[in-house]
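Visitor: here is my input, please return the structure:
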Amino acid sequence: MQKKPLSVSLIQSNLHWENVTANLAMFEEKIWELKGQTDLIILPEMFTTGFSMNPEKFAEPMNLHTFKWLAQQAALTNAVVVGSYMVKDKGLYFNRLVWMRPDSTYSTYDKRHLFRMADEHLHYTAGDKILIEEIKGWKICPLICYDLRFPVWARNSKDLKYDILLYIANWPSPRVNAWNVLLKARAIENWAYCIGVNRTGEDGTGKHYTGDSAILNYKGETLFHEHENEIVHTQRLDYEELDHYRTKFPVYMDSDDFEIK
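Guide: Presented below is the predicted three-dimensional model:
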């Protein structure tokens, strides 16, 4: 089956520190302009609070305020909306990505690699399952921030389990060179488009973020990159170009089989 082009929208924005109401209002205004214009809307990691280690105060049970807001935005735009926020589930806290569809059905991914240098592993529980989702026949693997440093977790397979690798993040400016380099590496080594959506501005701990949200093709070539500025950017991705490259240069057929334990 021939796959249609896919329109993806990146929202790179400053965040109001630990202010859920202000962040939801801000993103709602940005999302409104995308109504009928896109298939996938991507928000940063912890888009309701910033990268906070205060889940006891801000984590929400599933199916409450932020969850319902995501469902409203997906229905309004007739697009999938994806982002992560603090979730309390069965007495545990998660940095949980929610993949919300326009019909209010959803999937979740819990951040696998917790950033110990900020004590994230002391406040949240790590996930143990990869998520692969589908839009218009495109297969998409969404991951979160620090996951970017661990290529085995994101590794594509000989049967090409995904076409787009997606990272949402709060990745601070002192390490932005690693962000830019690793996004390109993940695209090249996985024979897939790679998208990174990061925040801008300064958080409540004094960390500065330059955004540097980007879209890379399967060769690691930059299709879009934005430094510092708050933006809403929509990009059309072509599956035929990806398929042609994979057919002409089928390096994935020589990849190593392995199992994550």
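
Visitor: mind listing the helices for the stretch 151-261 of the chain?
Guide: Using DSSP state H, counting those that start in this stretch, the helices of the stretch 151-261 of the chain run over residues 151-154, 176-190, 239-248.

Visitor: who's in contact with the longest one?
Guide: In this structure, residues lying in contact with helix 176-190 by CB atoms under 8 Å, 6 or more residues apart in numbering are 148-149, 151, 154-156, 162, 165, 167, 169, 171, 193-194, 196, 198, 210, 212, 214, 216-220, 222. The C-beta positions use only the backbone N, C-alpha and C, and glycine is treated the same way.

Visitor: got a quick PyMOL command for the buried subset of these?
Guide: Remark: buried members of the contacts of helix 176-190, expressed as a PyMOL selection using 16 or more other CB atoms under 10 Å:
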select buried, resi 148+154+155+156+162+165+167+169+171+193+194+196+198+210+212+214+216+217+218
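
Visitor: number of nearby residues for N180?
Guide: Residues contacting N180 under the criterion other CB atoms under 10 Å number 18.

Visitor: the helices of the stretch 151-261 of the chain: which one's closest to D103?
Guide: Counting by CB to CB, D103 lies closest to helix 239-248 out of the helices of the stretch 151-261 of the chain; the figure is 23.3 Å.

Visitor: now find how far off-centre that closest one is within its chain.
Guide: Distance of helix 239-248 from the chain centroid (CA atoms, centre = their mean, to the nearest Å) equals 23 Å.

Visitor: which outside residues touch that helix?
Guide: If you take CB under 8 Å, 6+ apart as the criterion, helix 239-248 is touched by 2-6, 137-138, 160, 163, 191-193, 217-219, 252.

Visitor: these, buried ones only, as a PyMOL selection?
Guide: Here is the PyMOL command that picks out the buried ones among these, judged by 16+ other CB under 10 Å:
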select buried, resi 3+6+138+160+163+191+192+193+217+218+252
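
Visitor: inside strands: which ones of the contacts of helix 239-248?
Guide: Among the contacts of helix 239-248, DSSP state E puts L6, W138, Y193 in strands.

Visitor: of the residues you listed, closest to I144?
Guide: Nearest to I144, judged by CB to CB, of the ones in strands among the contacts of helix 239-248 is Y193 at 17.7 Å.

Visitor: okay, now the residue nearest to that closest one when sequence neighbours are not counted: neighbour count?
Guide: Counting by CB to CB, 6 or more residues apart in numbering, Y193 lies nearest to I164, which is 4.6 Å off, once chain neighbours are set aside. A count of nearby residues for I164, using other CB under 10 Å, gives 25.

Visitor: what residues are up against D147?
Guide: D147 makes contact with K111, R112, H113, W153, A154, Y167, according to CB under 8 Å, 6+ apart.

Visitor: again, only this time at 6 Å
Guide: Applying CB atoms under 6 Å, 6 or more residues apart in numbering, we find D147 in contact with R112, H113.
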